[in-house]
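Student: just coords:
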């Protein structure tokens, strides 16, 4: 894993995960996301159903390269049978879930370079 990536930014209004520097032609894909929040209202993870369907076969390329599947802190999981992706941002338990719209930046090879979900402050 690179020392610089992945980058995770959590704010009162948005969660952003950048897997690698953007280069070449990019496209944006809007995604239905379920956000997990802890008891303090902080985002602990996000779920995306139909990630491969929406983005393409190469969508996990940079997750596999930069994000572990086990261990503490940031990690991901993917269930190929139901096309379900989960990105765990912290080890705190989730107490609330909320639906949101996220945006993925995708390179010309179909790899997700970044994910962003905004508007968190206005979501109750």
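Tutor: Arrived safely, thanks for sending. As the structure is a computational prediction, the values presented were derived from the model and not from experiment.
Student: Please enumerate the strands of the protein.
Tutor: Remark: strands assigned in the chain by DSSP state E are 7-10, 15-18, 26-37, 43-49, 75-79, 84-88, 96-107, 112-117.
Student: what comes up buried for the third one?
Tutor: Translated: strand 26-37. Buried residues in strand 26-37, defined by neighbour count with 16 or more other Cβ atoms under 10 Å: 29, 31, 33-37. No exception for glycine: its C-beta is placed from N, CA and C like everyone else's.
Student: Check the fifth one too.
Tutor: For strand 75-79, the neighbour count (16+ other Cβ under 10 Å) marks 75-76, 78 as buried.
Student: what would those residues look like in JSON lines with pLDDT and distance to residue 42?
Tutor: Converted to JSON lines, those look like this (pLDDT from 0 to 100; distance: Cβ to Cβ, whole Å):
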{"residue": "75", "pLDDT": "96", "distance to residue 42": "17"}
{"residue": "76", "pLDDT": "97", "distance to residue 42": "19"}
{"residue": "78", "pLDDT": "98", "distance to residue 42": "24"}
